[in-house]
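Undergrad: structure, please.
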Amino acid sequence: MPLALEALDPRTVPAAVGDLDPAFGSGGAAVLAGVPANDLALQPDGKVVVVGSDGGDVLVTRFTANGALDTTFNGTGQQVIDFG
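TA: Okay, here's the model as predicted:
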């Protein structure tokens with residue numbers, strides 16, 4: 001079975017593992033309105049979805065690929081889900 005090669009998407013890699021990407025948000029960080037982040041997912045279009053919880057509520061926040069709040073998500077970039 002012959003091997004097949006495919007082109008990879010261009011990526012910018014930080015200088016070292018664990019370094020912040022200075023092009024994301026403000027100096028490599030984005031703010032979640034004081035709620036601790038519990039998990040995140042990177043969408044194929046480069047947007048970042050972050051989920052955090054504080055008590056009975058869950059905060060879902062979506063950022064654009066450059067770290068700005070994605071206001072196409074719920075009009076504000078954030079959605080609070082009250083689980084009681």
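
Undergrad: residues touching the residue positioned nearest the centre of the chain, list them.
TA: By CA atoms, centre = their mean, the chain has its centre lying nearest to residue 48, at 2.3 Å. Residue 48 makes contact with 30, 40-42, 62-63, 65, 67 under the criterion CB atoms under 8 Å, 6 or more residues apart in numbering. Glycine gets a C-beta too; all of them are placed from N, C-alpha and C.

Undergrad: residue 52 now?
TA: With the criterion set at CB under 8 Å, 6+ apart, residue 52 makes contact with 32, 35-38, 58-59, 61.

Undergrad: 6 Å instead, please
TA: By CB atoms under 6 Å, 6 or more residues apart in numbering, residue 52 lies in contact with 32, 35-38, 59.

Undergrad: on that earlier part again, how close does the residue nearest to the centre of the chain sit to residue 83?
TA: 23 Å (CB to CB, to the nearest Å).

Undergrad: can you add pLDDT and neighbour count and give the contacts of residue 48 back as a markdown table?
TA: Shown next, in a markdown table, are these (pLDDT from 0 to 100; neighbours: other CB atoms under 10 Å):
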| residue | pLDDT | neighbour count |
| --- | --- | --- |
| 30 | 69 | 19 |
| 40 | 86 | 12 |
| 41 | 91 | 10 |
| 42 | 91 | 10 |
| 62 | 93 | 20 |
| 63 | 90 | 22 |
| 65 | 90 | 14 |
| 67 | 86 | 19 |
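
Undergrad: list just the nearest of those residues to residue 22.
TA: When the contacts of residue 48 are compared for distance to residue 22 (CB to CB), residue 67 wins out at 9.9 Å.

Undergrad: specify the local secondary structure of the closest one.
TA: coil (DSSP: H, G, I helix; E, B strand; the rest coil).

Undergrad: was I right about it contacting residue 25?
TA: Yes: shown here, residue 67 and residue 25 form a contact pair, counting by CB atoms under 6 Å, at 3.0 Å.
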